[in-house]
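Asks: Fold the following, please.
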Amino acid sequence: MSASNSKKLLPLMVGAVGIVYGDIGTSPLYAIKECFNGHHGVPLTRENVLGVLSLMFWAISIVVSAKYVMLILRADNKGEGGILALMALAAQAIEKGHRRRLWLMLFGMFGAALFFGDGVITPVITVLSAMEGIEVATPLFKPYVIPMALVILFFLFFFQNRGTAKVAKLFGPIMVVWFIVLAITGIWHIGVDPSVLNALNPIYAVSFALNYGWHTIFVLGAVFLVMTGGEALYTDIGHFGRKPIARAWFCFVMPSLVLNYFGQGAMLLQHPETVKNPFFHMVPEFLLIPLLILATMAAIIASQAVISGVFSVTRQAIQLGFLPRMTIKHTSADTMGQIYVPGANWAMLVSVVILVLTFQSSTNIAAAYGVAVSLTMVLEIMLVLFVARMTWKWSMPVVAALSIFLLVDVVFLVANSMKLLQGGWFPLLMASVIVLIMVTWRQGRHMITEKIRAQLMPMDIFLMSVESIHRVQGTAVFLTRTPEGIPHTLLHNLKHNKVLHERIVLLSIMVDEVSTVPDEQRLKFESLGHGMHRIVAHYGFVDEPDVPRLLELAGRSGFEFDLMDTTFFLGRETLLPSKTPGMAIWREHLFSWMWKNAASAMEFLKLPPNRVVELGAQIEI
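Replies: The predicted model follows:
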């Protein structure tokens, strides 16, 4: 590798350490503890410690290193990752209207809904785990763990609207220090009892499973916690790229994590009394407070990374038509990815407070965490296998061989499902509610589009009568959902004002199943005659519609616009739920409520308010 490439790669690797690996990097706070001290913990014996460490090492190697880094990172959608990007990539291989597309959409919706649940659970379990470390210093602080966690979480969400552009530069260096501390403390204790390194041999994992039989499935639910956050490797590929993420993992993150887990195991063999919170017993007492401060900072960074990810997934879901329009604010003038979604932020804060007050400890919330992530991993590998077969055209034997990853994920899902009553129900309930909202919104929008399409006047009939209508100066842009016919907004304007502008543009904005559409492919023009034109604008699901910039782009193609001489006409439909065939009446009311409270199209499309005319209509659903 050349020196110049190395200089570019290193900052990206540091950034990936701060953002991508914040979640999995805080797993040492609670993973080992849950294996020996959780709801289904095993007795603390040498054989059990070596068996658990072996299970952890090989779980990380198979699921994170082999599956995510070597396979799934290849499945980017024009550089973008995440469950919705993967769903869109898989859907490209199926023609529209096919039943399999519906299943892919449901997979994507449920995966995104689980990620929203992850955005709630991660801050809770990481911050609670860090705060519980204060009990190691003195039990007197135990009553203050939950209040302190709530204060930190409140401020974390309260300051989201300020953005993280300034402090985000510190995320990478802080997490680098964190992983170095993980490695050093691990090496220190391994030096006391190097025999724990024998657990690198998979025979110890096999022996553990044979010894405990079916009870092993319960232990795997706790072992799985070492991988929570591994799915972030794929989610954040659009920010850093595959190579920096992979290099950071193999060269720095994975060795640090493995060393710390093995160090905790060695310490437990020497000091079994530390089993209630082994991580914070890894340092001398005089270093406990600095470690607690560093752990709290790591927990906040891990939480921030997931919260920012939820904002990004929310925007993708809105673009793909899964959620209503929401207010989206940019918190950085330099970085387009730095966004703030108030609706998602306050919904997460309310959920976080409920979660803390309901579960009250990291041990109790660990069950919910495992279910959410393991189910997400199952959905992702199923979509990747579909892409490998249908899009990449890999042979059936190769895809069948890769199905071993699906089998491993299903085993971990079964293991985590054993904890449904201990908290695993929470992410499933939350995801089901969000999927219901998504399905209702998507189906309702489809019903609205079909109603509007049925009311469109055919273009040829309108053009036959346009000669007799009085024309006025200026340009009128009519936003229309369907790139055909004459929109009702134009007909309403004509009915009330009895005139047409000398130049009329029918503008339709379409979102394609790709992450982004380059400017040179964004616009398609069609001249309809009589001063009328149709423009169809294509966007990807991470692009942001911006109509003024769109008109500027059209000007470069020879279609000039004077914004001060242009009027934008929007439809504002009022929905009337009815008993006509469609959705259940309660879902129609839900859809009507979401429609009414969605962010305005004017704001979402960045239209100048003083150039917009809204025309109302009533639609029965």
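
Asks: show me the contacts for the closest residue to residue 238 other than its chain neighbours.
Replies: Nearest residue to residue 238, sequence neighbours excluded (CB to CB, 6 or more residues apart in numbering): residue 80, at 4.2 Å. All C-beta spots, glycine's among them, are computed from the backbone N, C-alpha and C. In this structure, residue 80 makes contact with 237-238, 515-516, 542, judged by CB atoms under 8 Å, 6 or more residues apart in numbering.

Asks: ok, now residue 402?
Replies: 71, 385, 388.

Asks: distance of it from residue 379?
Replies: 16 Å (CB to CB, to the nearest Å).

Asks: now residue 250
Replies: 26 Å.

Asks: quick one, which of those two is more surrounded?
Replies: Higher neighbour count among residue 250 and residue 379: residue 379, with 23 against 12, using other CB atoms under 10 Å.

Asks: Going by secondary structure, the more buried one is in what exactly?
Replies: Using DSSP states H and E, residue 379 sits in helix 362-390.

Asks: Tell me the helices and strands packed up against that helix.
Replies: Here helix 362-390 touches helix 31-37, helix 83-91, helix 99-132, helix 216-223, helix 342-359, helix 396-417, helix 425-455, going by 3 or more CB pairs under 8 Å, 6 or more residues apart in numbering; DSSP states H and E.

Asks: okay, now the domains of this protein?
Replies: 11-443, 456-620 (automatic domain parsing).

Asks: can you put those in CSV and add mean pLDDT and distance to residue 449?
Replies: Formatted as CSV, the domains of the chain follow (pLDDT from 0 to 100; distance: least, CB to CB, whole Å):
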stretch, mean pLDDT, distance to residue 449
domain 11-443, 87, 10
domain 456-620, 85, 6
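
Asks: Tell me which of the ones you listed is the most buried.
Replies: domain 11-443 (a mean of 20; mean count of other CB atoms under 10 Å).

Asks: Next, report how far that domain is displaced from the centre of its chain.
Replies: 12 Å (CA atoms, centre = their mean, to the nearest Å).

Asks: end-to-end on it?
Replies: 44 Å (CA to CA, to the nearest Å).

Asks: please renumber so the chain begins at 54
Replies: Yep, numbering from 54; the last one is domain 64-496 now.

Asks: And the nearest residue to residue 398 once chain neighbours are set aside, how close does it get to residue 607?
Replies: Counting by CB to CB, 6+ apart, the nearest residue to residue 398 once its immediate chain neighbours are dropped is residue 213, at 5.0 Å. As judged by CB to CB, residue 213 and residue 607 stand 35 Å apart.

Asks: Minimum distance to residue 115: which of the helices and strands packed on helix 415-443 has it?
Replies: With CB to CB, the closest approach to residue 115 among those belongs to helix 449-470: 5.9 Å.

Asks: now the angle between helix 415-443 and the closest one, please.
Replies: Between the axes of helix 449-470 and helix 415-443, defined by axes from the mean of the first three to the mean of the last three CA atoms, to 10 degrees, the angle is 160 degrees.

Asks: Let me know the angle separating helix 449-470 from helix 478-508.
Replies: With the same axes, to 10 degrees as the basis, helix 449-470 and helix 478-508 are set at 120 degrees to each other.

Asks: how about the CA coordinates for helix 449-470, as CSV?
Replies: C-alpha atoms of helix 449-470 as CSV (Å, rounded to 0.1, in the frame of the first residue of the first chain):
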residue,chain,number,x,y,z
MET,A,449,-26.4,-22.9,-5.7
PRO,A,450,-23.7,-25.1,-4.0
VAL,A,451,-21.9,-21.9,-2.9
VAL,A,452,-25.0,-20.3,-1.5
ALA,A,453,-25.9,-23.6,0.2
ALA,A,454,-22.4,-23.7,1.8
LEU,A,455,-22.9,-20.1,3.0
SER,A,456,-26.2,-21.1,4.6
ILE,A,457,-24.1,-22.3,7.5
PHE,A,458,-24.1,-18.7,8.6
LEU,A,459,-27.9,-18.7,8.6
LEU,A,460,-27.8,-21.9,10.7
VAL,A,461,-25.5,-20.3,13.3
ASP,A,462,-27.7,-17.2,13.5
VAL,A,463,-30.8,-19.3,13.9
VAL,A,464,-29.2,-21.2,16.8
PHE,A,465,-28.4,-17.9,18.5
LEU,A,466,-32.0,-16.6,17.8
VAL,A,467,-33.4,-19.8,19.4
ALA,A,468,-31.0,-19.2,22.4
ASN,A,469,-32.2,-15.7,22.8
SER,A,470,-35.9,-16.6,22.4
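
Asks: Show residues contacting the helix or strand encompassing residue 543.
Replies: Assessed by DSSP H and E, residue 543 sits inside helix 541-550. For helix 541-550, contacts defined as CB under 8 Å, 6+ apart pick out 505, 508-510, 522, 529, 531-533, 553, 557, 559, 622-624, 666, 668, 670.

Asks: Quick one: distance of that helix to the chain centre.
Replies: Distance, centroid of helix 541-550 to centroid of chain: 42 Å (CA atoms, centre = their mean).

Asks: elements contacting the helix or strand following that helix?
Replies: As assigned by DSSP H and E, the chain's next helix or strand after helix 541-550 is strand 552-564. With contacts taken as 3+ CB pairs under 8 Å, 6+ apart, strand 552-564 sits against strand 523-532, helix 541-550, strand 585-592.

Asks: Swap in 10 Å and give it another go.
Replies: helix 341-372, strand 523-532, helix 541-550, strand 576-582, strand 585-592, helix 600-609, strand 619-629 (3 or more CB pairs under 10 Å, 6 or more residues apart in numbering; DSSP states H and E).

Asks: No further questions, thank you.
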